[in-house]
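S.K.: Have a look at this prediction, sequence included:
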Amino acid sequence: MKNILFLILISWGSISCERNTKTQTYSKNDTIFFDFTFGMRKQDFYNYCAEKNREKIFTHGPRNMEIEYTMTEIQPEVMMWFYPDFYEDRIYKMKVTYMYTPWAPWNTQYYADKLIIKILDIYKKKYGSNFQTVQTPNGTIHSQINGKRRINIRVKDEQYVEAFFTDMKIEKLIEKKENNLL
């Protein structure tokens, strides 16, 4: 009887470990940055940002609905603003904007076309080097798809670099609903 119970516990433990491995692989594709993930509840996002604000890591961005973070790993410092889009109270998209802090129209060394090189390098180290370059009518986009996560990075204008993290599974669901296919 003890042997049977022991075998059941071992089998249950190995199944549990398999599930944890699958969950970790799955959640890797849900990763955005910091501790943000696709599927994170809106209230958890707000709570996390409030905690980081108390720790003086995040601040309120210059526009009403953005979180601001100062990146010190790039010199001179880079301002990062971000805010997610929610679907059914959960994050499915995150827009991020970057700008060198000393940017000015006469400081061409701090233009976005220079900054994107450094941002792309950071992204490649964090998310993998398999970014593809795509030429579009609106400019060059550096794109990576990993599981259901798509990352697009582009120069918006002389001042800003933009990145978009998108949960493609939810994006397709929204498109189907908008086209009345569901």
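M.R.: Thanks, I have the structure now. Numbering: from 1, shown residues only.
S.K.: Please name the spatially closest residue to residue 43 (chain neighbours excluded).
M.R.: Nearest-residue entry for residue 43: residue 89, 8.0 Å, with adjacent residues in sequence omitted and distances by C-beta to C-beta, 6 or more residues apart in numbering. Quick note: C-beta positions are derived from backbone N, CA and C, even for glycine.
S.K.: Tell me if I'm right that that neighbour and residue 41 touch.
M.R.: Yes - using C-beta atoms under 8 Å, residue 89 is in contact with residue 41, at 6.0 Å.
S.K.: that older thread, if I look at the residue nearest to residue 43, how far off is residue 83?
M.R.: Between residue 89 and residue 83 the computed distance is 15 Å (C-beta to C-beta, to the nearest Å).
S.K.: Of the two, give the one with the bigger neighbour count.
M.R.: Taking other C-beta atoms under 10 Å, residue 89 and residue 83 do not tie; residue 83 has more neighbours (17 against 11).
S.K.: just checking, that one touches residue 68?
M.R.: No - the criterion here is C-beta under 8 Å, and residue 83 misses it with residue 68 at 10.1 Å.
S.K.: which neighbours do the two share?
M.R.: Taking C-beta atoms under 8 Å, 6 or more residues apart in numbering as the contact rule, residue 83 and residue 68 both touch residue 61.
S.K.: Tell me which stretches of this protein form strands.
M.R.: 59-60, 67-71, 78-87, 90-100, 132-136, 139-146, 149-155, 161-167 (DSSP state E).
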